[in-house]
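In: just coords:
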């Protein structure tokens, strides 16, 4: 069966520091991958999605970036964190054949101080 | 562009009572609709989904939802709520490219 992992689970970083969050999927090939952010008291916002290695689309312009160096690995990065980057970051995967269900990872809680 | 509205931000029900969480969507084509549940500090778990066919769909944990095209709704129901159902519930619609648009969520509290 398929599983999705995210790490770290929790992260506290100072403003201006770099960021790297990792997401990996097991048990499937060529998944579509997604990064969402959930700010406190707000819904989910799609940040990036990827249909393949090195194929990344950004939904919202910001100081975050994403990379997909391997088929089942999706990384969210920032060179300099802002206070507004605090939130709960969720990675999700789906199959690649058209409309398919997205399955979510456990999330990473990021607090920028 | 598609949108999802969950009119109720907070709902409190007594344990054993019935539950209905409302979801209204806006989408030009046939919608693919989902309900997810999120416990505090956790990821989202899929409760159920509607792609086509029978408009009453059954999900996990005793939940069901009914797709009503005429009302653009996909309300979630459970006949008898358990204390463990306390969580936040998200309705979502899948648009072009399998992009999900989520509602703002409904936080469910269960009174003993």
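Out: Ah, there it is. Note that the structure is a prediction, hence the values are computed from the model and not measured.
In: what strands flank the least confident helix or strand in chain B by mean pLDDT, and is each parallel or antiparallel?
Out: Of the helices and strands making up chain B, the lowest-confidence element is strand B:100-102, at a mean of 91, by mean pLDDT, DSSP states H and E. Applying DSSP bridges to the sheet, strand B:100-102 is found paired with strand B:87-94 (antiparallel).
In: what's the spacing between the strand it pairs with and its chain's center?
Out: Strand B:87-94 sits 5 Å away from the centroid of its parent chain (CA atoms, centre = their mean, to the nearest Å).
In: picking up where we left off before, quick one: strands adjacent to the next helix or strand after the least confident helix or strand of chain B?
Out: Secondary structure here is assigned by DSSP states H and E; on that basis, the next helix or strand after strand B:100-102 toward the C-terminus is strand B:106-111. Partner strands and pairing direction for strand B:106-111 (DSSP bridges) are strand B:10-14 (parallel), strand B:87-94 (antiparallel).
In: contacts for the first one, please.
Out: Contacts made with strand B:10-14 from outside it, assessed by CB atoms under 8 Å, 6 or more residues apart in numbering or on different chains, are listed as B:19, B:21, B:81, B:106, B:107, B:108, B:109, B:110, B:111, B:112. For the C-beta atoms, the positions are set from N, CA and C on the backbone; glycine is no exception.
In: go with 10 Å
Out: Strand B:10-14 has contacts (CB atoms under 10 Å, 6 or more residues apart in numbering or on different chains) with B:19-22, B:78, B:80-81, B:85-86, B:88-89, B:105-112.
In: are any of the residues you listed buried, and if so which?
Out: B:19, B:21-22, B:78, B:81, B:85-86, B:88-89, B:105-108, B:110 (16 or more other CB atoms under 10 Å in any protein chain shown).
In: and those residues, which is closest to residue B:35?
Out: Nearest to residue B:35 among the buried ones among the contacts of strand B:10-14 is residue B:89, at 6.5 Å by CB to CB.
In: not counting sequence-adjacent ones, nearest residue to the closest one?
Out: Using CB to CB, 6 or more residues apart in numbering or on different chains and skipping residues adjacent in sequence, the residue nearest residue B:89 is residue B:106, 5.0 Å away.
In: which ones are touching that neighbour?
Out: By CB under 10 Å, 6+ apart, the neighbours of residue B:106 are B:6-11, B:21-23, B:76, B:87-91.
In: chain A: which of those residues is nearest?
Out: Closest approach to chain A among those (CB to the nearest CB): residue B:90, at 7.0 Å.
In: now do the closest one against residue B:1, distance only.
Out: Here the distance between residue B:90 and residue B:1 works out to 18 Å (CB to CB, to the nearest Å).
In: just the buried positions in stretch B:43-55, please.
Out: Residues B:43, B:44, B:46, B:47, B:48, B:49, B:50 are the ones in stretch B:43-55 that count as buried (16+ other CB under 10 Å).
In: give me the beta-bridge partners of the second one?
Out: For residue B:44, the residues forming beta bridges with it (DSSP bridges) are residue B:38.
In: with the fifth one instead?
Out: Assessed by DSSP bridges, residue B:48 has beta-bridge partners residue B:35.
In: enumerate every residue touching it.
Out: For residue B:48, counting by CB under 10 Å, 6+ apart, the contacting residues are B:33-36, B:57-61, B:63-65, B:74, B:76.
In: which one of those is nearest residue A:16?
Out: Minimum distance to residue A:16 across these is 34.0 Å, recorded for residue B:36 (CB to CB).
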